[in-house]
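**Student:** Give the three-dimensional model of this entry:
(one chain, ligands or ions: 1)
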Amino acid sequence: RASESMYKKFKDLYEATGENLGEGSFGSVQTYKNTTNNKEYAVKIVEKAGRSRSKVLKEIEIFQTCKNHENILQMIEYFEESDRFYLVFDKMEGGTLLETIEARGTLTEAEASAVVSDIARALDFLHRKGIAHRDLKPENILCERRGQLVPVRICDFDLGSGVLARGGTTNEDVEDGCMTPELQTPVGSAEFMAPEVVDVWVENAWSYDKRCDLWSLGIILYIMLCGYPPFYASSCGKNDCGWEKGLACPTCQSELFKSIQGGHFKFPHEDWCTVSQEAKDLISHLLVRDPHRRYTAKDVLDHPWIASKVAPVKQLQTPHVLQR
Ligand SMILES: O=C1N=Cc2cc(Nc3ncnc4nc[nH]c34)ccc21
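**Tutor:** The predicted model follows:
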């Protein structure tokens, strides 16, 4: 039909370069060249089979909400075709955060502070919009320029993890109970709210569901300053279980979960004696079990180690430890 030929298809405008940028629960991310301007883009291909269309549309809506934020990966355009979606993003030449740290071989607290500052600004923006990332990890933190740590942008608001992202809240979303209520109550119903319901709104209790991202930021900061994570499973005795190589091992996984739920972590003296007190103080306010007591993104931006640039420029051991 005329209408079908009217719209350009993805394949008419982009051609694959063969470079694979990542695989994940979401699908795959490949480099494509735009045949009109010859520029390279990162294209996320999401197969429709086995994934709800509304989740992909919600993800597209979130990226549109985040347009022009300097620390959030920018979506250029998207295509819906019969069996899949193509989401076209700017290509970040620096690759992922860990790749950049390993490639540079050097990292100072001042650079780590700048990375945390960029991520905290992105989280502050998202959380004010009622959006939680929920899957913040080094693979989802991208460096804009090759060999340069900052600026970084976060990506992968993947809804595949089963929890609904908190997009811009509209009334029908709140009514079917799947969204975080922002300050606006459904019109004409506030008068009928029971005190305990008003408590929820007033205390904005649900805003604490976004504090999970600040815990993840604490883990990322800890790893940047020493090269290993604060919570881990010491191998389950069966050394060949493959856990260290990223394979599944139920015993190791449940040991890791117990370690996280315990919430006790250390700064081993041999690796942390040269790290500043301010850096450790910030980590200690992020790796807090109780989300009500954990720092917000705004608290991070106001912390001395971030705001006043007290972070030392002395080289850290991290890049060497990471490669072990
Ligand atoms: O939505 C996404 N989920 C994972 C992911 C990775 C990803 N990767 C990259 N995007 C842009 N430039 C990149 N350079 C290396 N990897 C890149 C883009 C978008 C997503």
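**Student:** and whichever residue of the stretch 201-324 of the chain sits closest to the ligand, how many neighbours?
**Tutor:** Proximity of the stretch 201-324 of the chain to the ligand (Cβ to the nearest ligand atom) peaks at Ser216, 15.0 Å away. For every residue, glycine as well, the C-beta is placed using N, CA and C. Other residues lying near Ser216 total 20 when counted by other Cβ atoms under 10 Å.
**Student:** and it, what helix or strand is that in?
**Tutor:** Following DSSP states H and E, one finds Ser216 within helix 212-226.
**Student:** picking that back up, please tell me I have it right and the residue of the stretch 201-324 of the chain closest to the ligand contacts Asn140.
**Tutor:** No. In this structure, Ser216 is not within contact of Asn140 by Cβ atoms under 8 Å, at 9.5 Å.
**Student:** Spell out which residues are contacts of both of the two.
**Tutor:** Residues touching both Ser216 and Asn140 (Cβ atoms under 8 Å, 6 or more residues apart in numbering) are His133.
**Student:** just to revisit the earlier point, next SSE downstream of the helix holding Ser216?
**Tutor:** Using DSSP H and E, the helix or strand that follows helix 212-226 in sequence is helix 250-262.
**Student:** can you list contacts of that next one?
**Tutor:** By Cβ under 8 Å, 6+ apart, helix 250-262 touches Phe231, Tyr232, Ala233, Ser234, Ser235, Cys236, Lys238, Cys241, Trp243, Arg289.
**Student:** Could I get the buried residue list for that helix?
**Tutor:** By neighbour count with 16 or more other Cβ atoms under 10 Å, helix 250-262 contains the buried residues Cys252, Glu255, Leu256, Ser259, Ile260.
**Student:** Looking at the residues you listed, which is nearest Cys226?
**Tutor:** Within the buried residues of helix 250-262, the smallest distance to Cys226 is 16.5 Å, found for Ser259 (Cβ to Cβ).
**Student:** Quick check: which ranges of the stretch 1-150 of the chain have low pLDDT?
**Tutor:** For the stretch 1-150 of the chain, the stretches with pLDDT under 70 are 1-6, 25.
**Student:** Within range of the ligand, give me the residues from it.
**Tutor:** Within reach of the ligand by Cβ under 6 Å from any ligand atom, the stretch 1-150 of the chain has these residues: 21-22, 24, 26, 29, 42, 44, 73, 89, 91-92, 95, 142.
**Student:** Could you identify which of the residues you listed has the most neighbours?
**Tutor:** Of all those, Leu142 has the most neighbours under the rule other Cβ under 10 Å, reaching 27 neighbours.
**Student:** give the contact list for Lys266.
**Tutor:** Pro230.
**Student:** distance of it from Met193?
**Tutor:** Lys266 sits 46 Å away from Met193, taking Cβ to Cβ, to the nearest Å as the criterion.
**Student:** Lys9 now?
**Tutor:** 50 Å.
**Student:** Likewise for Glu81?
**Tutor:** According to Cβ to Cβ, Glu81 and Met193 sit 45 Å apart.
**Student:** Also Arg146?
**Tutor:** Here the criterion is Cβ to Cβ. By it, Arg146 lies 54 Å from Met193.
**Student:** out of those two, which sits in the busier spot?
**Tutor:** Shown here are Arg146 and Met193; by other Cβ under 10 Å, Met193 has more neighbours (15 against 12).
**Student:** What's the per-residue pLDDT of the more buried one here?
**Tutor:** With respect to pLDDT, Met193 has a value of 83.
**Student:** which residues does the residue of the stretch 1-150 of the chain found nearest the ligand form a beta bridge with?
**Tutor:** In the stretch 1-150 of the chain, no residue comes nearer to the ligand than Ala42, which is 3.2 Å away by Cβ to the nearest ligand atom. Assessed by DSSP bridges, Ala42 has beta-bridge partners Thr31, Phe89.
**Student:** gap between Gln17 and Lys33?
**Tutor:** Just to correct that, residue 17 is Thr rather than Gln. Separation of Thr17 from Lys33 (Cβ to Cβ): 6 Å.
**Student:** residues shared between the contacts of those two?
**Tutor:** Counting by Cβ under 8 Å, 6+ apart, the residues touching both Thr17 and Lys33 are Glu40.
**Student:** These two: which is more packed in?
**Tutor:** Lys33 (16 against 13).
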